[in-house]
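Undergrad: Need a 3D model of the following:
(one chain, ligands or ions: 2)
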Amino acid sequence: MAVAKAAAVILAAGKGTRMKSALPKVLHAIAGRPMIGHVLANLAPLGASPVVVVMAPGMDALAAAVAPHAIAIQDPQLGTGHAVLAARQALGAGAGDLLILYGDTPLISTATIQRLLDRRRAADHPAVVVLGMRPAGAAEYGRLVVDSEGRLEAIVEFREATAEQRRIGLCNSGVMAVDGARIWDLLGSVGNANSKGEYYLTDIVALARKQGLVCAALEAPVEELLGINSRGELAAAEASMQARLRSRAMADGATLIDPATVWFSHDTRLGRDVVVGPNVVFGPGVEIADDVEVRAFCHLEGASIHKGAIIGPFARLRPGSVIGAGARVGNFVETKNAKLAAGAKANHLSYLGDATVGEAANVGAGTITCNYDGFGKYETVIGAGAFIGSNSALCAPVTIGAGAFVAAGSVITKNVAPDALAVARAAQVEKPGWATMFRQVKNKMKKIGS
Ligand code: UD1
Ligand code: MG
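TA: Ligands and ions are numbered 1, 2, ... in the order given. Down below sits the predicted model:
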């Protein structure tokens, strides 16, 4: 494939001032994954090498998030052009194509990056190809100035643009592919005589044109090129991503009863004929097999649900939940690090943490696994076919043998043998006629009082 010679730089050193956040902007999540993670994931299939992420000093969480990719430190942050220069050493000597992506433009698809590279390699050999978009409304993006032949002449920042230039519909996404043999020369000529006093990457277009080089604009869907600078734009990008994920889930054979109320993680995997009710939230790491029903108002993360299981309504599955084929997890049941084997049932009002529930076992309403004693976490094992009566507290570590019964309201602190009945509650005391006597005394008192 011709892409072998491309290297990539992802700019992420900006302060992200407009986010008003302690977190670096590109670590804010969309569909459960940091923005920068989306960029890296969508770039990956093209095999660009090296991939260098430019960041500011002290962004340790960001460095960890992008590992094992190379990083370059830009200090201080003097603009997007200055940021690309900061990556020069890490990019090495290769003179192939250089892809420049922005960490705050996370929705770009692999196909669009590929189209950008293809355009760079077209017969007219443009030195710079810039991805353009047409956002609705008066967006504050840079504008792409194109000549009568359709060639890109310059990029004018919104702040520097004249009223006439601001009327140009074609906006700069920031994403570009540049001839690796020319980029450093072009960037070396970029100055900072502008309203922000910054070295704008966007200036390389006019500089290349001055040298008689061809530059080109390539239009791509605006949904992929939204830049995120504020919480409002973050929410808009999330909405756009969710729309994409919902469409994909339905195209792959899931029924979403009210798609707009189902929230996916970037990595949610749904089988065929899965039915998802309204108001369901999928956190990261959820995998659902065929024929599963997730009823309304469930919250799931780090969970694996096997064929034909029924979850909810109002269930909460936390990381490490594995729900077996045909099993049921009903309303107000919370599971964490819990494995329910095929056909097991926990239908009402339970907490199952650090637990293993055997095949076809029945966990009664209100059962709690007491997995934490204030120091450590301990495991509860419920054997196959066991029956746990309502409102039982299973104090871990504890094992309920296969086929055993636990009487309702028991506080179980010792293992229960298979097929045994465990009753661990105060014995019932009955006093015949007590209520009659009580009422008589009460009536007498009333008479004396009147
Ligand atoms: C930039 C473009 C603008 C374009 C818009 C698209 C420039 C000068 N302007 O504006 O034409 O329409 O993106 O979203 O390029 N960064 C650094 N170091 C810096 C400054 C920025 O790494 O010194 C990084 C940021 O982390 C960010 C990206 O570069 O990921 C873009 O920076 P940002 O400040 O968001 O630029 P915009 O004002 O959005
Ligand atoms: Mg931006």
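Undergrad: which non-adjacent residue is nearest Phe332?
TA: Nearest non-adjacent residue to Phe332, counting by CB to CB, 6 or more residues apart in numbering: Leu349, 4.7 Å away. Backbone N, C-alpha and C define where each C-beta goes, glycine included.
Undergrad: so which helix or strand takes in the one residue in the stretch 101-250 of the chain that gets nearest to ligand 2?
TA: As assessed by CB to the ion, ligand 2 sits closest to Gly227 within the stretch 101-250 of the chain, at 4.0 Å. Assigned by DSSP states H and E, Gly227 belongs to no helix or strand.
Undergrad: quick one: it and Asn172 touch, right?
TA: No: assessed by CB atoms under 8 Å, Gly227 is found out of contact with Asn172, at 9.2 Å.
Undergrad: residues shared between the contacts of the two?
TA: Common neighbours of Gly227 and Asn172 (criterion: CB atoms under 8 Å, 6 or more residues apart in numbering): Tyr141.
Undergrad: list the contacts for the residue of the stretch 101-250 of the chain closest to ligand 2?
TA: Contacts of Gly227 (CB under 8 Å, 6+ apart): 102, 104-105, 141, 173-174, 233.
Undergrad: where are the low-confidence patches of the stretch 101-250 of the chain?
TA: 138 (pLDDT under 70).
Undergrad: what does it put close to ligand 1?
TA: 102-105, 141-142, 155, 157, 171-174, 200-202, 227, 229 (CB under 6 Å from any ligand atom).
Undergrad: Out of those residues, which sit inside strands?
TA: Counting by DSSP state E, those place 102, 155, 171-174 in strands.
Undergrad: and these as a markdown table, adding neighbour count?
TA: Shown next, in a markdown table, are those (neighbours: other CB atoms under 10 Å):
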| residue | neighbour count |
| --- | --- |
| Tyr102 | 26 |
| Ile155 | 28 |
| Cys171 | 22 |
| Asn172 | 25 |
| Ser173 | 28 |
| Gly174 | 22 |
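Undergrad: residues near the closest residue in space to Arg231 that isn't next to it in sequence, how many?
TA: In space, Arg231 comes closest to Met19 once its chain neighbours are excluded; the distance is 6.5 Å by CB to CB, 6+ apart. By the criterion of other CB atoms under 10 Å, Met19 has 20 neighbours.
Undergrad: Phi and psi next, for the closest residue to ligand 2 within the stretch 301-450 of the chain.
TA: Nearest residue of the stretch 301-450 of the chain to ligand 2: Glu301, at 29.7 Å (CB to the ion). Backbone torsions of Glu301, given as degrees, to the nearest 10, read phi -150, psi 140.
Undergrad: can I assume the residue nearest to Phe332 is in contact with Val363?
TA: No: counting by CB under 8 Å, Leu349 stays clear of Val363, with 10.2 Å between them.
Undergrad: quick one, which of these two is more surrounded?
TA: Each of Leu349 and Val363 has its neighbours counted (other CB under 10 Å); Val363 has more, 30 against 18.
Undergrad: Okay, helices next: where are they in the stretch 351-450 of the chain?
TA: 434-449 (DSSP state H, counting those that start in this stretch).
Undergrad: just the stretch 201-350 of the chain next, same as before
TA: 204-210, 222-225, 231-251.
Undergrad: Redo those as JSON lines? Include mean neighbour count.
TA: Converted to JSON lines, the helices of the stretch 201-350 of the chain look like this (neighbours: other CB under 10 Å):
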{"stretch": "helix 204-210", "mean neighbour count": "21"}
{"stretch": "helix 222-225", "mean neighbour count": "20"}
{"stretch": "helix 231-251", "mean neighbour count": "16"}
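Undergrad: Please convert the ones you listed to TSV, extending it with distance to Leu394.
TA: Shown next, in TSV, are the helices of the stretch 201-350 of the chain (distance: least, CB to CB, whole Å):
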stretch	distance to Leu394
helix 204-210	67
helix 222-225	50
helix 231-251	37
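Undergrad: looking at those, which is closest to Ile388?
TA: For the helices of the stretch 201-350 of the chain, the distance to Ile388 is smallest for helix 231-251, at 34.9 Å, taking CB to CB.
Undergrad: Thank you, goodbye.
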